[in-house]
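Chemist: Sharing a model that was predicted from the sequence below.
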Amino acid sequence: MKKYAFWNNKGGTGKTSLAFQALTMYAENNENEKILAVDLCPQANFSELLLGGLLGDGSTNLLRLQQESPRKSIGGYFQQRLPSPYSMPANMDPSAFVSVPSRYNDRIPNNIKLLAGDALVELQANSISTLANTQIPGTNTWLSVIDWLNDFLEKLSTQFDCLFVDTNPSFSIYTQIALAAVDLIVLPVMADDSSRRAVQNALALVQGINLPSKIYKQHNFDSRLREADRQVPRFHLFPKNRLTQYMGPASAYHSVLTSIDEIIATVLDENPEVFSFTNVPDGIVDIRDFQTTGVVAFAKGLPFTQLKPGKYPMPGRETQIAANYLQNCVNAMNKLVKKI
């Protein structure tokens, strides 16, 4: 199973938007593959998009899933793992927590299934962290808890070919559970200085690159996985998201994005195992601002490929999608998806 996470410790980088469009386009391009989407962000916007978006009752449909028994969400699964944190009950059926988003949103490809997001995860986080740090002789409690999503996937391994995980902009315990279950990370960045720092932070948090002290290295995410002879997820793509239409080589934006390339190049030279690519350009995708096309797509829970140029009624106003802007969005996502 190919396993990808869309993650950035920094918020506001367009991570969920890119994850939704990449997932749906990948599913359209690979209709013979069965794909599982997992939403491990308590905001659950990824799930709402798949279930219909703002105008397609995505929020209502998500609530319906969360009201089922068992609760069809990641929070429902975690709720049943809390009493059995260190081993998955033999009689637990992970498919009971999985839904089919195309039943709620007919524009979503039929080969996508969903483990929906849930605000409940935020409430569960303290208990999960406590269980991960409990001292039990002969048991690696941290690893057992970090493997909750891996346990889930192992039981469904024959049912899916590919995994897309949308994550929270954090490095909380449930984010670590998400990252420990994937092979590759897609880390969107924006043309601002905070994104430059976010790349450095992400490399430090996941792969232990340039940590400020050896004290942190001993208990870091990567060290604990390696001690258990486990693979640490590698960085696969750095989409430069929401670029303006007018970015000359002398602009401040260009300077920031070049500095991000330089950070990646330096780490690639010193620690090539951190990345899935061997040349910086192979790990970069330029994504121009989706503008009003993105607003309409996400309000309606639609892949860009399902949109047409023209006027769309939106709350309080009518929005126009220009053909060239729509094509720019499709082309940008095509470039990204070809690298997945």
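Modeler: Thanks, I have it.
Chemist: all contacts plus neighbour counts: C-alpha atoms, from now on.
Modeler: Fine.
Chemist: Can you check the distance spanned by stretch 204-222, start to finish?
Modeler: 9 Å (C-alpha to C-alpha, to the nearest Å).
Chemist: Oops, could you answer that again for stretch 81-92 instead?
Modeler: OK, stretch 81-92 end separation, C-alpha to C-alpha: 10 Å.
Chemist: Sketch out the low-pLDDT regions of the stretch 201-340 of the chain for me.
Modeler: Along the stretch 201-340 of the chain, segments meeting pLDDT under 70 span 213-218, 242-256.
Chemist: those strands in it, which residues are they?
Modeler: Taking DSSP state E, counting those that start in this stretch, the strands of the stretch 201-340 of the chain run over residues 234-243, 284-288, 310-314, 317-321.
Chemist: contact partners of the longest one?
Modeler: Where contact means C-alpha atoms under 8 Å, 6 or more residues apart in numbering, the residues beyond strand 234-243 that reach it are 13-14, 183-191, 207, 257, 273-277, 282-290, 336, 339.
Chemist: Next, the angle strand 284-288 makes with that strand.
Modeler: Orientation of strand 234-243 against strand 284-288 (axes from the mean of the first three to the mean of the last three C-alpha atoms, to 10 degrees) gives an angle of 20 degrees.
Chemist: How far does strand 234-243 sit from its chain's centre?
Modeler: 12 Å (C-alpha atoms, centre = their mean, to the nearest Å).
Chemist: same deal with stretch 324-340?
Modeler: That offset, for stretch 324-340, works out to 18 Å (C-alpha atoms, centre = their mean).
Chemist: Same check on stretch 89-103?
Modeler: From the chain centre to the centre of stretch 89-103 is a distance of 20 Å (C-alpha atoms, centre = their mean).
Chemist: Repeat that for stretch 106-120.
Modeler: For stretch 106-120, the distance to the chain centre is 13 Å (C-alpha atoms, centre = their mean).
Chemist: What's the end-to-end length of that stretch?
Modeler: Using C-alpha to C-alpha, the end-to-end distance of stretch 106-120 comes to 27 Å.
Chemist: contacting residues around it?
Modeler: Contact with stretch 106-120 is made by 24, 27-28, 31-47, 50, 62, 66, 72-75, 97-102, 302-303, 306, as judged by C-alpha under 8 Å, 6+ apart.
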